[in-house]
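Here is my input; please provide its structure:
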Amino acid sequence: QVQLQESGPGLVKPSQTLSLTCSVSGGSITAYYSYWSWIRQPPGKGLEWIGYITSSAITVYSPSFESRTSISRDTSKNLFTLQLSSVTPEDTAVYYCARGGTVFSATLWGQGTQVTVSS
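Model (predicted):
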């Protein structure tokens, strides 16, 4: 059974870089034709897809985040990461990692991790 678990700091200062890790167990992130996404939900708002990395290490980002986002992976540890730079309080959200290329096609989700951007 595939499981995903987010980890990272819960508090980030404005202008800094938010860094999160998604550890995957029970299945490989290099499994054929798989997609691994980062998604967030700001307080009082809907889900926002940030981007994904595929089993072939191809990355695709939402235009809303592309200029300041990087998604990478470590196949030796079976995890993928999110870096979001130049954060502001508007980046405060619950961040999720998921298997799937979009919010609607994601079939497995991590439990989510709260990240607050504040000085």
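
buried residues in the helix or strand residue 6 falls within?
Here residue 6 is covered by strand 3-7, with elements defined by DSSP states H and E. Taking 16 or more other CB atoms under 10 Å as the neighbour-count basis, strand 3-7 is seen to contain the buried residues 4, 6. C-beta: built from backbone N, CA, C; applies to glycine.

Give the next helix or strand downstream of that strand.
strand 11-12.

Quick check: what element follows that following strand along the chain?
Taking DSSP H and E, what comes next after strand 11-12 is strand 18-25.

between that next one and strand 3-7, how big is the angle?
Using axes from the mean of the first three to the mean of the last three CA atoms, to 10 degrees, one finds that strand 18-25 and strand 3-7 are set 160 degrees apart in direction.

Need phi/psi at residue 90.
The phi and psi torsions at residue 90 (degrees, to the nearest 10) take the values phi -70, psi -10.

Spit out the contact partners of it.
Going by CB atoms under 8 Å, 6 or more residues apart in numbering, residue 90 touches 42, 117.

Show me the strands in the protein, by range?
Residue ranges of the strands in the chain, as given by DSSP state E, are 3-7, 11-12, 18-25, 35-41, 48-54, 59-61, 69-74, 79-84, 93-99, 108-109, 113-117.
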